[in-house]
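Chemist: No sequence on hand, only this structure:
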Ligand code: ATP
């Protein structure tokens, strides 16, 4: 069917002020976002913030209590899932137990000629590392293999939009990292847009063009990953991505703030008057381990992570900051060290309770 006149310029997916309730309890509150054709989006947020509910609303499994969902420029708010032309992988995977891997992947392809169907199945299995498993049944597969079969099945019909709920959760760390970049390349190559749910921020940044951070049913920011990290729209977003902590600051001029780490520059001019108290975000990667003439800090805790050690440090005024230093030099809790504060620019927010 030809798209409506507005379809040519409309986004592939438009979520407009969508709210979802369970019983009377709100789970998603007035969320709006758009996804362009081929755009990869990611919903990030703590457990229970409403990511899955929003994804299920887009898929058509959970009717919104308010708002509108449009696909390809056409209102789809009340359309049944099968009529949305959208592929999805939810956490239950829902593989057909009586069909082989190949049978599962071919399931949505019954309208294609047999030869093309076989080619599509092979084309979806190979990039996911499943070629050798085509004749197995789901119960003969590991959890991670089942997850990849579900992905292959959703990809094979080449939908223009794929909805993925934690599609890598059963994979080990190595496979997870390999598969997310493989999947990104596949989707980009085939021009398939996706909305992926995760609570892993590395995954969100590595996979997506656009990252959304949710909290308690609200979408706080929907922007390119770089912007979400470096220009967080909200203190929760700032604190949620990047393991940063806030310290107190006093505004000196629109670009400078005085803190226990010395005078720091902000990326953008602040709208706060000189003398105002503000919250200054310090990320672990803002601090350096060998500041000969740096600021003294007390090691409160040290967590070895392999290449790096994650420190919680106490400044002289009692405030805490986090730092990520190469692990070859170890600083035990109780030690004092001098840290460098060569920070390009800091992110600043007003005092607690002054926003939203
Ligand atoms: P997670 O990362 O843990 O999967 P999520 O961000 O996907 O979490 P949702 O599963 O969307 O969160 O849940 C949002 C809110 O709705 C939560 O408070 C949850 O307890 C509630 N909720 C989810 N499913 C139901 C349900 N079937 N009945 C009642 N409440 C539900």
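Modeler: Looks like it arrived, so ask away. This one's a predicted model, so the numbers in the text were calculated from it and none came from an experiment. Numbers count the residues shown, from 1 in each chain.
Chemist: Going by C-alpha atoms from here, please, whenever you check contacts or count neighbours.
Modeler: Will do.
Chemist: Report the rounded mean pLDDT for the longest helix along the chain.
Modeler: As assigned by DSSP state H, the longest helix anywhere in the chain is helix 173-190. For helix 173-190, the mean pLDDT works out to 90.
Chemist: In it, which residues are buried?
Modeler: Buried residues in helix 173-190, defined by neighbour count with 16 or more other Cα atoms under 10 Å: 176-177, 179-180, 183-184, 186-187.
Chemist: Same check on stretch 190-200?
Modeler: Within stretch 190-200, judged by 16+ other Cα under 10 Å, the buried ones are 191-199.
Chemist: could I get those as TSV with distance to the ligand and secondary structure?
Modeler: Shown next, in TSV, are those (distance: Cα to the nearest ligand atom, whole Å; DSSP: H, G, I helix; E, B strand; the rest coil):
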residue	distance to the ligand	secondary structure
191	26	coil
192	23	coil
193	20	strand
194	16	strand
195	13	strand
196	11	strand
197	7	strand
198	7	strand
199	6	coil
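Chemist: and the residues you listed as CSV, adding distance to residue 17?
Modeler: Shown next, in CSV, are the buried residues of stretch 190-200 (distance: Cα to Cα, whole Å):
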residue, distance to residue 17
191, 27
192, 24
193, 21
194, 20
195, 17
196, 19
197, 19
198, 22
199, 23
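Chemist: And those residues, which is closest to residue 290?
Modeler: residue 199 (33.1 Å; Cα to Cα).
Chemist: what residues go with each domain of the protein?
Modeler: 5-86+159-235, 243-349 (automatic domain parsing).
Chemist: Would you mind finding the most buried of these?
Modeler: domain 5-86+159-235 (a mean of 19; mean count of other Cα atoms under 10 Å).
Chemist: Show me how far that one is from its chain's centre.
Modeler: Offset of domain 5-86+159-235 from its chain centre (Cα atoms, centre = their mean, to the nearest Å): 9 Å.
Chemist: Then stretch 302-319?
Modeler: 25 Å.
Chemist: Residues touching it, excluding its own?
Modeler: Identification of contacts with stretch 302-319 by Cα atoms under 8 Å, 6 or more residues apart in numbering yields 247, 260-261, 284, 296-301, 320-328, 330-333.
Chemist: what bridges to the residue nearest to residue 327 when sequence neighbours are not counted?
Modeler: Once flanking residues are discounted, residue 327 sits nearest to residue 308: 4.4 Å by Cα to Cα, 6 or more residues apart in numbering. Using DSSP bridges, the bridge partners assigned to residue 308 are residue 326.
Chemist: Which element, helix or strand, includes the most centrally placed residue in the chain?
Modeler: Centre of the chain computed as the mean C-alpha position; nearest residue by Cα atoms, centre = their mean is residue 204, 3.2 Å away. For residue 204, the host element (DSSP states H and E) is helix 201-207.
Chemist: Quickly check: the helix or strand that that helix is followed by near the ligand or not.
Modeler: From helix 201-207 onward toward the C-terminus, using DSSP H and E, the following helix or strand is strand 210-215. No: Strand 210-215 stays clear of the ligand (Cα under 6 Å from any ligand atom), getting no nearer than 7.8 Å.
Chemist: Could you confirm whether any residue of whichever helix or strand comes after strand 210-215 contacts the ligand?
Modeler: Per DSSP H and E, the first helix or strand lying C-terminal to strand 210-215 is strand 218-224. No: Strand 218-224 is not in contact with the ligand by Cα under 6 Å from any ligand atom; minimum separation 10.5 Å.
Chemist: What is strand 218-224 packed up against?
Modeler: strand 25-35, strand 210-215 (3 or more Cα pairs under 8 Å, 6 or more residues apart in numbering; DSSP states H and E).
Chemist: switch to 10 Å and redo it
Modeler: Applying 3 or more Cα pairs under 10 Å, 6 or more residues apart in numbering; DSSP states H and E, we find strand 218-224 packed against strand 25-35, strand 40-44, strand 210-215, helix 225-230, helix 235-240.
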